[in-house]
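*Asks:* sequence and predicted structure, then a few things I'm wondering about:
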Amino acid sequence: MPRIRPAHVDDLPAISAVCLAAFDAAVAPSLSAAGVATFSRVAAADAFGARLQGDSHILAAEQEDRIVGVIELKEGRHLAMLFVDPACQGQGIGHALFEAVLPHLRAPQMTVRASLNAVPTYLRYGFVLDGDVGEFNGLVYQQMVRGAA
């Protein structure tokens, strides 16, 4: 199992690469060009850097000196990112990242705008659907919520 630790500025290019690889493999084929462009901007290393300096808690999963996963909790309540390198999926890395971020919750509920292919995973993590499928700048998502306890 990889080591889960706080992300550092030096990790941001690798974190961005993991997010983009996982997104390109699983989510991008179902989105418009606008959605892909939006995600590319949000997952860029400099965008992660800005959020790392703000109110986001970003954890990295490191295996054999390589970043293989990332999770981002925004404002202590919103799960903004959870991605695992496609070559490392199915090993429990995503679940380990999710469990590692839970102590950082600062609200009674956690929310996520899940990509549609990720909804079953979030259901397993205890989230429930919260409204209809939505779209923002080409990104299609399902709003979900989970109690903190």
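*Replies:* Happy to help now that I have it. Numbering: from 1, shown residues only.
*Asks:* give me the phi and psi for the spatially most distant residue from the centre of the chain.
*Replies:* No residue in the chain sits farther from the centre than Glu64, which is 21.2 Å out by Cα atoms, centre = their mean. As for Glu64, its main-chain torsions (degrees, to the nearest 10) stand at phi 50, psi 50.
*Asks:* ok, which stretches of the chain are helices?
*Replies:* Along the chain, counting by DSSP state H, helices occupy 12-26, 33-42, 45-53, 93-101, 119-124.
*Asks:* what is the longest one packed up against?
*Replies:* Pointing back at helix 12-26 there. With contacts defined as 3 or more Cβ pairs under 8 Å, 6 or more residues apart in numbering; DSSP states H and E, helix 12-26 has these neighbours: helix 33-42, helix 45-53, strand 56-63, strand 66-74, strand 78-84. For the C-beta atoms, the positions are set from N, CA and C on the backbone; glycine is no exception.
*Asks:* before we move on, back to that, out of the helices of the chain, which is closest to Leu139?
*Replies:* With Cβ to Cβ as the measure, helix 33-42 is the member of the helices of the chain nearest Leu139 (4.8 Å).
*Asks:* which residues does that closest one contact?
*Replies:* Helix 33-42 is touched from outside by 20, 23, 27-28, 31, 47, 136-140, with contacts defined as Cβ atoms under 8 Å, 6 or more residues apart in numbering.
*Asks:* ok, now stretch 59-66?
*Replies:* By Cβ under 8 Å, 6+ apart, stretch 59-66 touches 2-8, 11, 14-15, 67-72, 84, 88, 93, 96-97, 100-101.
*Asks:* list the buried residues in that stretch.
*Replies:* 59-62 (16 or more other Cβ atoms under 10 Å).
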